[in-house]
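Student: give me a model of this one.
(one chain, ligands or ions: 3)
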Amino acid sequence: MAFFKNIEKVVYEGPDSKNPLAFKYYDPEKIVAGKKMKDHLRFAMSYWHTLTGDGSDPFGDATMDRPWNELEGMEKAKLRADIGFEFMEKLGIEYFCFHDLDIAPEGKNLKEKNENLDEIVAYIETLMAKTGIKCLWGTTNAFTKQRFVHGASTSPNADVFAVAASQVKKAMEITHRLGGVNYVFWGGREGYETLLNTDTALELDNMARFLQMAVDYKAKIGFEGQLLIEPKPKEPTKHQYDFDTATVLSFLQKYNLKDHFKMNIEANHATLAMHTFDHELNMCRINGVLGSIDANQGDLLLGWDTDQFPTNIYDASLAMIEVLKNGGLEPGGLNFDAKVRRGSFEPVDLFYAYIAGMDTFAKGLLIADKIIEEGEFDKFVEDRYASYNSGIGKQIVEGQVGFEELEAYAMSLEEVKNTSGRQELLENIFNSYIYSK
Ligand code: XLS
Ligand code: NI
Ligand code: NI
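Tutor: Ligands and ions are numbered 1, 2, ... in the order given. Have a look, this model is predicted:
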């Protein structure tokens, strides 16, 4: 039985449409840069924010008006799944992402938890078969429950390390069973508050041991999905170990794990790390580790992960330039790790939110494609570094000179001339792509 009875399938009506339940830019079958728009974007629904989140915050109760509010246990879990799949179908979203805890209740103990998971996974499988919707990634929630108060793989308590391992084992198995194409590790409470009670060296070694076990188990069960780490600098802990892309990269290199992981970059985590979203994507791309994206946005005035739906066309365009230059995201995608504000508590608000996010990235894709096609910025950048194509620059790049040769060269220079970086001109040109229809 349909829940969103009054909402038809959301379709593309074009930029002039005033229909709030239609796409203005997201035209799934449209070919852009040789590929369907939907295959560039690979949009995914986040199970947690969309189906599990209830609008509560540290100051207030749940606000969300949802049909499962009165239900409990597996009945609640199944209704959520039904409505989630109806929602994705109506929006034309082809992927979903989930934590184990989002899809089924914990139960009394680990055994019951795993039985609940098996039951709901079988149920979700039927919905997937019926709709053709696929799993972009799965993960475990190793941060909500009291047992993770001091972390999971970085907990000082070895029993907690073991429980976290059992959770990842099961979550990886069900992701595999659901045909998930990635598996995500977001640090949760892997970090610390004070050095007065923390052995950071052991915690980091243990985190690496844990990830190595995941790599081994993945091979053992023949799971071929991509493993992803999702950097975040703070929240819930003050010092999250997976601070940003650069930090995670050096961690992976130190522990010989680099070949097994890519990154899942979340826009709001980038800004919490005092980076721009496109900076993080760029760091991934140039290091060959751009895996997937959690598409959301933060609020510049708030210092936490507000997980808002992405509506900033400027940031989306810059992000899509990185995605296109990366040759796409596959097997990753754009997961809306975003939630409606607690004041937007009606079910229809979920549609408005996703439509806003999908249109923003669709338009961002069109702008990015045009920018790359016309090559103005690439040409500018190329010219800016032209001094490395010949003469002393070429010798530097080719490793033919050292300090002594460079000193001799520098002494021969009468003056050093620089050229303008033209930032304002370039920003104005960039805006002209955004203004254009
Ligand atoms: C929290 C993270 C989380 C991950 C999945 O800030 O964004 O939602 O994406 O565990
Ligand atoms: Ni996320
Ligand atoms: Ni987040």
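Student: and the residue in the chain positioned nearest to ligand 1, backbone torsions?
Tutor: Using CB to the nearest ligand atom, residue 186 is the residue of the chain that sits closest to ligand 1, at 3.6 Å. For the C-beta atoms, the positions are set from N, CA and C on the backbone; glycine is no exception. Main-chain dihedrals, residue 186, degrees, to the nearest 10: phi -100, psi 130.
Student: that one reaches residue 240, doesn't it?
Tutor: No - using CB atoms under 8 Å, residue 186 is not in contact with residue 240, being 9.4 Å away.
Student: okay, and the common contacts of those two?
Tutor: Common neighbours of residue 186 and residue 240, counting by CB atoms under 8 Å, 6 or more residues apart in numbering, are residue 232.
Student: from the stretch 101-250 of the chain, which residue is nearest to ligand 3?
Tutor: For the stretch 101-250 of the chain, the residue closest to ligand 3 is residue 232, as judged by CB to the ion, at 6.1 Å.
Student: residues touching stretch 50-64, excluding its own?
Tutor: 66, 69, 80-81, 83-84, 87, 101-102, 336, 339, 342-343, 345, 350.
Student: neighbours of the residue of the chain closest to ligand 1, how many?
Tutor: Residue 186 has 23 neighbours, counted by other CB atoms under 10 Å.
Student: please apply the same query to residue 331.
Tutor: 18.
Student: could you do the one 10 residues further on as well?
Tutor: When neighbours are defined as other CB under 10 Å, residue 341 has 13 of them.
Student: residues touching the spatially closest residue to it that is not a sequence neighbour, list them.
Tutor: Leaving aside its sequence neighbours, residue 341 sits nearest to residue 308 (CB to CB, 6 or more residues apart in numbering; 7.5 Å). Residues near residue 308 by CB under 8 Å, 6+ apart: 268, 296-299, 338-339, 341.
Student: I'd like the distance between residue 308 and ligand 2.
Tutor: Going from residue 308 to ligand 2 by CB to the ion, to the nearest Å gives 13 Å.
Student: beta-bridge partners for that residue, please?
Tutor: Using DSSP bridges, the bridge partners assigned to residue 308 are residue 297.
Student: hmm, back to that, quick one: residues contacting the residue nearest to the residue of the chain closest to ligand 1 when sequence neighbours are not counted.
Tutor: Spatial nearest neighbour of residue 186, excluding adjacent residues (CB to CB, 6+ apart): residue 230 at 4.0 Å. For residue 230, the contacting residues are 184-187, 242, 263-266, 269, 294, by CB under 8 Å, 6+ apart.
Student: roughly how far apart are the residue of the stretch 101-250 of the chain found nearest ligand 2 and residue 296?
Tutor: Using CB to the ion, residue 230 is the residue of the stretch 101-250 of the chain that sits closest to ligand 2, at 5.4 Å. From residue 230 across to residue 296, the span is 12 Å (CB to CB, to the nearest Å).
Student: so for these two, which residues contact both of them?
Tutor: When contacts are counted by CB under 8 Å, 6+ apart, residue 230 and residue 296 are jointly contacted by residue 266.
Student: make sure residue 88 is actually in contact with residue 97.
Tutor: No - in this structure, residue 88 is not within contact of residue 97 by CB under 8 Å, at 11.4 Å.
Student: which one of the two has more residues nearby?
Tutor: residue 97 (28 against 21).
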